[in-house]
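>>> Could you work out the structure for the sequence below:
(one chain, ligands or ions: 1)
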Amino acid sequence: MKIVAFGASTSSTSINKSLAAFAASLAKGAEVEILDLNDFEIPLFSEDAEMKLGQPQAAQEFLNKIKSADGVIVSFAEHNGSYTAAYKNLFDWASRIDQKVYQDKPTVFLATSPGAGGAGSVLAAAKASAPFFGVDLKAAVSVKSFYQAFDAETQSITDPVARAELESAVHHLTDTLRVAQ
Ligand SMILES: Cc1cc2nc3c(=O)[nH]c(=O)nc-3n(C[C@H](O)[C@H](O)[C@H](O)COP(=O)(O)O)c2cc1C
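Predicted coordinates:
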C-alpha cells in the first residue's frame, strides 16, 4: 500500500507539509512518499505559455507521482482564502494533461494554518471542486491553530481532538485501500 502525501505549499517551513507527513505516518504498514512541491519547478501557466511549452515534464511527473499511489494525502496551505499560487499553478498545468488530476485515487484532504480558521476556506474550495478532478474524497480535516496543536520535537499532532480526527480520516483511507487490495 503506497501513500503519496504533500503540503500544497512551497514554503521551506511548510506546516502543511508537516501535517501531511504526520497524517501519512498514521497509515501503519504503508509505504509513504512525501512530495516537495519545490521539486516540480514549472513556469507560470498561461495559454500562451502552454502553446509554447506543451506539456511540461514537471506537470507530467506530478501526475505520475499520483498515479504511483494507492492513496493520496494533501494538506492545503491557505493564502488569502485560497490555494497557494505554486499549488494552483502546478495543478492548472496538470489539469491540462488530465483533468482527473487525482486519477480517482482514494484521497484525504487536510488544511492547517496558525490561526483559528484552520485554512477552512481553501479546504472548502478543494472539497467543492473535488468531483471535477478525479478525487475519491474519503475525509477532510482542518487543524486549527497549528502551532498549539503540533509538537515540533516529536513532529506530531498532540491536540487530542485534532489527532482523533486525523486518525479517523487516515483509517478511513487505509480501510478503503485494504479492501481494494
Ligand atoms: C500571502 C499570504 C496570505 C495568507 N492568507 C491566509 C489566509 O487567508 N488564511 C489563513 O488562515 N492564513 C493565511 N496566511 C498564513 C498562512 O496560513 C501561513 O503562512 C501558513 O504557514 C501557510 O502554510 P504553509 O506553512 O504550509 O505554507 C497567509 C500567508 C501568506 C504569506
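>>> Residues of the chain that sit close to the ligand?
Selection of the chain residues close to the ligand by C-beta under 6 Å from any ligand atom yields 7, 9, 11, 14-16, 77-81, 113-115, 117, 119. (Glycine included, C-beta is placed from N, CA and C.)
>>> just the buried members of these?
Buried members of those, counted by 16 or more other C-beta atoms under 10 Å: 7, 9, 14, 15, 16, 77, 78, 79, 113, 117, 119.
>>> Just say helix, strand or coil for the spatially most central residue of the chain.
Nearest to the mean C-alpha position of the chain, by C-alpha atoms, centre = their mean, lies residue 74 at 1.4 Å. Going by DSSP: H, G, I helix; E, B strand; the rest coil, the secondary structure assigned to residue 74 is strand.
>>> rewinding a little: could you list which of the residues of the chain next to the ligand belong to helices?
Cross-referencing the residues of the chain next to the ligand against helices under DSSP state H gives 15, 16.
>>> who does the lowest-mean-pLDDT helix or strand in the chain touch, helix- and strand-wise?
Across the helices and strands of the chain, the lowest-confidence element by mean pLDDT, DSSP states H and E is helix 160-180, at a mean of 93. The contact analysis (3 or more C-beta pairs under 8 Å, 6 or more residues apart in numbering; DSSP states H and E) places helix 160-180 against helix 15-25, strand 71-76, strand 105-112, strand 135-143, strand 156-157.
>>> buried set for the second one?
Right, the one you point to is strand 71-76. In strand 71-76, counting by 16+ other C-beta under 10 Å, buried: 71, 72, 73, 74, 75, 76.
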